[in-house]
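K.L.:
Here's a sequence, model it:
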Amino acid sequence: MFARKLKVEVLVDGQRRPAPLDWLDSFCMRNFTGSAEFDDTLPTGEGTLEAGLKVDPGRLAAAIGEWLTKRGKGNGKPVIVEIRAAG
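P.N.:
Modelled structure (predicted):
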């Protein structure tokens, strides 16, 4: 089910850092997103998650960024999320 290891970074106001584990945990919980397409995701640490082959990393990055921005995680700035293969 979790066939890929991914690295997740957030960019806020020009500063890049690994996505905090609590942000990833909150997003990946179905009751917060309501989106079945991201069910096959499992946060494994700061800036890392595992995902099934059906999960599109580009769509996941856009959805996480939008979700974090709406929740004020960028302190009024947009949160940009970049996801790439780990390793």
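K.L.:
which secondary structure element contains Phe27?
P.N.:
Assigned by DSSP states H and E, Phe27 belongs to helix 21-28.
K.L.:
Show me what the top strand by length along the chain is packed up against.
P.N.:
Longest strand of the chain, by residue count under DSSP state E: strand 4-12. Where contact means 3 or more CB pairs under 8 Å, 6 or more residues apart in numbering; DSSP states H and E, strand 4-12 is packed against strand 15-18, strand 48-51, helix 57-70, strand 79-85. Just so you know, the C-beta spots here come from the backbone N, C-alpha and C atoms, and that holds for glycine as well.
K.L.:
winner for burial among the ones you listed?
P.N.:
Of all the helices and strands packed on strand 4-12, strand 48-51 has the most neighbours on average by mean count of other CB atoms under 10 Å, namely a mean of 20.
K.L.:
Return the set of buried residues in stretch 17-29.
P.N.:
Using 16 or more other CB atoms under 10 Å as the test for burial, stretch 17-29 gives Ala19, Pro20, Leu21, Trp23, Leu24, Ser26, Phe27, Cys28.
K.L.:
The first one: what's its closest spatial neighbour, skipping adjacent residues?
P.N.:
Of all residues not flanking Ala19 in the chain, Val8 sits nearest, at 4.2 Å (CB to CB, 6 or more residues apart in numbering).
K.L.:
Contact partners for the one you found?
P.N.:
Pro18, Ala19, Leu24, Gly47, Thr48, Leu49, Ala61, Ile64, Val81, Glu82, Ile83 (CB atoms under 8 Å, 6 or more residues apart in numbering).
K.L.:
What angle do strand 79-85 and the helix holding Phe27 make with each other?
P.N.:
90 degrees (axes from the mean of the first three to the mean of the last three CA atoms, to 10 degrees).
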